[in-house]
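Undergrad: got a structure for you, letters missing:
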């Protein structure tokens, strides 16, 4: 196997933007939908097997905490992409292309839409990725 270059990693991160944002939104909905049921269950009232007492409120809190932790991972990823695109000194055309890629757009479709050659789209993308790398290194103190 070969190792991914820094450019490829940035392009992959940008392409995963929509997925990460959708997963975050989905988890937020799950967190908001968690609520304690105040009505009794009239079904099987037999004691559950197991040795300990399980509080439903505690279980609800644990579930919320776990979902929040998972949501934070996705949020971190999509916010990182937003920062890369918005705070890397990209010109308007480069930003437009990077957002197009982030929202699952195809490069050929962008070229047709903007009436530019496909080769130029790759050049714009590569130039934008280089600017993102330079800005990221500058923000991280050259690391």
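TA: Noted; the coordinates are in hand. The structure presented is a predicted model; accordingly, all values stated were derived computationally and were not measured.
Undergrad: I'd like the distance between the residue most central in space within the chain and residue 85.
TA: Against the mean C-alpha coordinate of the chain, by Cα atoms, centre = their mean, the closest residue is residue 20 at 2.5 Å. Using Cβ to Cβ, to the nearest Å, we find residue 20 at a distance of 14 Å from residue 85. Where C-beta positions appear, they are placed from N, C-alpha and C, glycine not excepted.
Undergrad: ok, back up a step: which residues touch the host helix or strand of the residue nearest to the centre of the chain?
TA: Assigned by DSSP states H and E, residue 20 belongs to helix 17-33. Outside helix 17-33, the residues that touch it by Cβ atoms under 8 Å, 6 or more residues apart in numbering are 64, 67-68, 70-71, 74-75, 77-78, 81-82, 102-104.
Undergrad: can you tell me the helix or strand for residue 113?
TA: Assessed by DSSP H and E, residue 113 sits inside helix 107-114.
Undergrad: How far does that helix sit from its chain's centre?
TA: 24 Å (Cα atoms, centre = their mean, to the nearest Å).
Undergrad: helices or strands up against the helix or strand just after it?
TA: Next in sequence after helix 107-114, counting helices and strands by DSSP H and E, comes helix 118-139. For helix 118-139, the packing partners by 3 or more Cβ pairs under 8 Å, 6 or more residues apart in numbering; DSSP states H and E come out as helix 6-15, helix 56-86, helix 92-102, helix 107-114.
Undergrad: Nearest residue to residue 100 in space, ignoring adjacent ones along the chain?
TA: residue 110 (4.9 Å; Cβ to Cβ, 6 or more residues apart in numbering).
Undergrad: pLDDT value on the one you found, please?
TA: Per-residue pLDDT puts residue 110 at 92.
Undergrad: Could you do residue 51 as well?
TA: According to the prediction, residue 51 has pLDDT 54.
Undergrad: And residue 135, by the same measure?
TA: Note on residue 135: pLDDT of 89.
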